[in-house]
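Visitor: Pasting the sequence and the predicted coordinates here, then a few questions.
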Amino acid sequence: MRVTTEIFVSALMRRVFGDGGFAAVLRRGAAEAGAVFIVTRNRMGEAALYGPAAQTAYGSGPPGGRQFTLVGESLDEPSLDARLAREQRFDSDIWVVELEPGSTALADLVELTKP
């Protein structure tokens, strides 16, 4: 059984804060099953956007946790906003979480897959 999106986001944020990082919910979607998008920024202010991995990334084994894939990198603010607006038109229940992971790498916080 998969945990609700609200619990997943809350646990992710607690872990980031516990490791000395920062996290904020930019958009709150459906508590039960909204898709989660993660935004990170580099020192130049460019954003990377991670979204839910395609169903084919999950394989045939038992279901595990949520998997994410890079859907946009080196995005400026207008490009990021446009991409998120497109995603929101497709699914109005999305969550957008911005993370500054601190001392922990993003790959240690969530499962990343190749597109």
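Guide: Thanks, I have the structure now.
Visitor: Spit out the contact partners of the nearest residue to residue 49 once chain neighbours are set aside.
Guide: Nearest-residue entry for residue 49: residue 72, 4.1 Å, with adjacent residues in sequence omitted and distances by Cβ to Cβ, 6 or more residues apart in numbering. Any C-beta I mention is one placed from the backbone N, CA and C, and that applies to glycine too. For residue 72, the contact set (Cβ atoms under 8 Å, 6 or more residues apart in numbering) comprises 47-49, 79-80, 83.
Visitor: Relative to residue 10, which of those residues is nearest.
Guide: Using Cβ to Cβ, residue 49 comes nearest to residue 10 of these, at 20.9 Å.
Visitor: If I look at that closest one, what pLDDT would I see?
Guide: Per-residue confidence at residue 49 stands at 97 (pLDDT).
Visitor: And for the residue nearest the centre of the chain, nearest residue in space, chain neighbours not counted?
Guide: Geometric centre of the chain, nearest residue: residue 38, 2.6 Å, by Cα atoms, centre = their mean. Distances taken as Cβ to Cβ, 6+ apart place residue 50 nearest to residue 38, at 4.3 Å, with adjacent residues excluded.
Visitor: before we move on, back to that, select from the contacts of residue 72 every entry located in strands.
Guide: If you go by DSSP state E, the contacts of residue 72 have 47-49 in strands.
Visitor: what's the spacing between residue 77 and residue 94?
Guide: Distance of residue 77 to residue 94, computed by Cβ to Cβ, to the nearest Å: 18 Å.
Visitor: Please apply the same query to residue 18.
Guide: 25 Å.
Visitor: who's more crowded, the two?
Guide: Taking other Cβ atoms under 10 Å, residue 18 and residue 94 do not tie; residue 94 has more neighbours (20 against 10).
Visitor: wait, doesn't the more buried one sit right on residue 39?
Guide: No. Using Cβ atoms under 8 Å, residue 94 makes no contact with residue 39, being 11.9 Å away.
Visitor: residues bridging contact with the two, i.e. touching both?
Guide: With Cβ under 8 Å, 6+ apart, residue 94 and residue 39 have no common neighbours.
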